[in-house]
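> Give me a 3D structure for the following:
(one chain, ligands or ions: 2)
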Amino acid sequence: MKPEILQMGPMMPHVEAALESAYQVHRYWEAGDRAALLAETGARVRAVATGGDDGCPRAVIEALPKLEMISSFGVGYDAVDVAACREHGVRLTNTPDVLNDAVAELALGLMIALCRRIPQADVLVREGGWLEGAYPLTGELTGARVGILGLGRIGKEIARRCQAFRMRVAYHGRSEQPYEPYEYYADLVAMARDVGWLVVIAPGTAETRGIVSRRVLEALGPEGCLVNVARGSLVDEPALVEMLQSGALGGAALDVFEDEPRVPEVLLGLDNVVLSPHQGSATMKTRAAMGNLVVKNLAAHFAGKPLLSPVV
Ligand code: NAP
Ligand code: 8YV
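Ligands and ions are numbered 1, 2, ... in the order given. Now for the predicted structure:
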C-alpha cells in the first residue's frame, strides 16, 4: 500500500510523476467538494505536498489528524501555517539554497534594467525611435551604494554580485554578522538614508510586514531606488505607489506584490518602475532542483531518514 498524500495545487510534471509513483495522491485543488475530500481522506493522509502560493492553512492541517509532514516548494513558507504545524507536531520542509543564484541573478537584472532603462530602450528601438535621435543618458550602478535588507542565503549572493559591479554594500538585519565584510546598520531608516539602492530579500513574517514603511521610502528619497525580490507584504505598497507617482521615490524594480498576480493599476503606467511576475527562482534548472528537493524530503520522511531541509 502506497502512503496517501494530499497535493494542494499543480506542481511541475517531474514532481507530479515522482509523487504519483511513490504515493496515492489526492489532488486538493481539483476536488469539486474540498471539505468532502478532507473528510473522506483525512484519517489516512500522512503528508502534504504544496507550493509557496498554495501553502497549507490551519483548516487543512487540522482536518488531517494523521498528518506527519508538509513538503513545500519554495524557500519562503509564509503561506503555510507554521504555528499550526508546531501545535500538531507536523514537520515542515522548504527548498532553500538551490535557488540562491537564480534569485540573485534576477535582482541584479532588475537593477540594471531600472538603472539603464533597458525596457524603455528596447521599446524605442522596436518602434523606430532611434532613427529620430540618441537615447537619453541614464544612471549607472558602478560606485553606487546598495543596502540589503536581509543578508541571508540569497542576500549574500546579491551582495557578491553587487560587489562584482563595484557597488558599495551595506545591510540591515536583526543582528550584525561580524564575519561579513559589509557595513551593518541596526537602523533600516538610517541605511535607507545612506544608500541609493535598497534591495529587499528578507522573509515574509508578522515581524517584517510593512518593514519598508513610508519613513524608509522617504529616507531613500527622490534619487533612491527600491528593489523587492522578497514578498509584497514587506513594503507599504500604497505609500510606494504614491511616492513613485509623485517622484518622492526615484524608482522601483518589483518582482513581488501584495496581492499577486494583481498589480496596482497605477504602476502599469509609470515610467520609473520595472515589473516582473514573481520570477526570482523561475529558471528551468533551479525549478527542477527545487522540485527534486520537495520529492527527496518526502522520501526521507517516509524512509525514516533525516529531512534534508527541515523548517519545523
Ligand atoms: P534566509 O537565508 O533565512 O535570510 C533571511 C534574512 O532576512 C536573514 O539574513 C535575516 O537576518 C533577515 N531577517 C529575518 N527577519 C528579519 C527582520 N524581522 N528584520 C530584518 N531582517 C530580517 O532566507 P533566504 O533563503 O535568503 O530567502 C529570503 C526570502 O526571499 C524568502 O523567505 C522568500 O520570501 C524570498 N524569496 C523570493 C523569491 C522570488 O521568487 N522573488 C525566491 C526565493 C525567495 P537576521 O536573522 O539577522 O534578522
Ligand atoms: C517560488 C519563492 O516562485 O522560494 C520562494 O520563496 O518565492 C519562489 O521561489 C514560489 O515559492 C513558488 O511557489
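> mind checking the SS state of the residue nearest the centre of the chain?
The centroid of the chain falls nearest to residue 230 when counting by C-alpha atoms, centre = their mean (4.0 Å). What DSSP: H, G, I helix; E, B strand; the rest coil gives for residue 230 is coil.
> where does the chain dip in pLDDT?
The chain contains no residues with pLDDT under 70.
> Okay, strands next: where are they in the stretch 201-312 of the chain?
Per DSSP state E, counting those that start in this stretch, the stretch 201-312 of the chain carries strands over the ranges 225-228, 251-254, 273-275.
> Tell me how many other residues surround the residue in the stretch 151-300 of the chain that ligand 2 sits nearest to.
Residue of the stretch 151-300 of the chain nearest ligand 2, by C-beta to the nearest ligand atom: residue 281 (3.2 Å). Glycine gets a C-beta too; all of them are placed from N, C-alpha and C. Other residues near residue 281 number 24, with proximity taken as other C-beta atoms under 10 Å.
> mind listing what it touches?
Applying C-beta atoms under 8 Å, 6 or more residues apart in numbering, we find residue 281 in contact with 74, 99, 102, 103, 287, 290.
> does ligand 2 sit close to stretch 91-103?
Yes: interface with ligand 2: stretch 91-103 contributes residue 99 (C-beta under 6 Å from any ligand atom).
> that older thread, out of the strands of the stretch 201-312 of the chain, which is closest to residue 121?
strand 273-275 (12.1 Å; C-beta to C-beta).
> What sits closest to the residue of the stretch 101-250 of the chain found nearest ligand 2 if chain neighbours are left out?
Closest residue of the stretch 101-250 of the chain to ligand 2, C-beta to the nearest ligand atom: residue 103 (6.9 Å). Take residue 103 and drop its neighbours on the chain: the residue closest to it by C-beta to C-beta, 6 or more residues apart in numbering is residue 280, 4.0 Å away.
> burial measure for the residue of the stretch 101-250 of the chain closest to ligand 2, as a count.
When neighbours are defined as other C-beta under 10 Å, residue 103 has 24 of them.
> so it makes contact with residue 157?
Yes: Residue 103 lies in contact with residue 157 (C-beta atoms under 8 Å); the separation is 7.5 Å.
> just to revisit the earlier point, apart from its chain neighbours, what residue comes closest to the residue of the stretch 151-300 of the chain closest to ligand 2?
Nearest residue to residue 281, sequence neighbours excluded (C-beta to C-beta, 6+ apart): residue 99, at 4.0 Å.
> pretty sure that neighbour is touching residue 288, no?
No: assessed by C-beta under 8 Å, residue 99 is found out of contact with residue 288, at 11.0 Å.
> higher neighbour count, those two?
Each of residue 99 and residue 288 has its neighbours counted (other C-beta under 10 Å); residue 99 has more, 24 against 14.
> Next up, the contacts around the more buried one.
Taking C-beta under 8 Å, 6+ apart as the test, what residue 99 contacts is 75, 154, 280, 281, 286, 289, 290.
> do residue 104 as well
By C-beta under 8 Å, 6+ apart, the contact list for residue 104 reads 154, 157, 158, 160, 161.
> That one is in what secondary structure piece?
helix 100-116 (DSSP states H and E).
> what does the stretch 51-200 of the chain put close to ligand 2?
Near ligand 2, the residues belonging to the stretch 51-200 of the chain are 51, 52, 53, 73, 74, 75, 76, 99 when assessed by C-beta under 6 Å from any ligand atom.
> Mind listing the residues bridging to the fourth one?
Beta-bridge pairing of residue 73 under DSSP bridges involves residue 51.
> Pull the number of nearby residues for it.
For residue 73, using other C-beta under 10 Å, the count is 26.
> just checking, it touches residue 48?
No: assessed by C-beta under 8 Å, residue 73 is found out of contact with residue 48, at 11.3 Å.
> Within reach of ligand 1, which of the residues of the stretch 51-200 of the chain next to ligand 2 are there?
Okay, of these touching ligand 1 (C-beta under 6 Å from any ligand atom), that's 75, 76, 99.
> and those residues as JSON lines, adding distance to residue 182?
Shown next, in JSON lines, are these (distance: C-beta to C-beta, whole Å):
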{"residue": "75", "distance to residue 182": "21"}
{"residue": "76", "distance to residue 182": "23"}
{"residue": "99", "distance to residue 182": "22"}
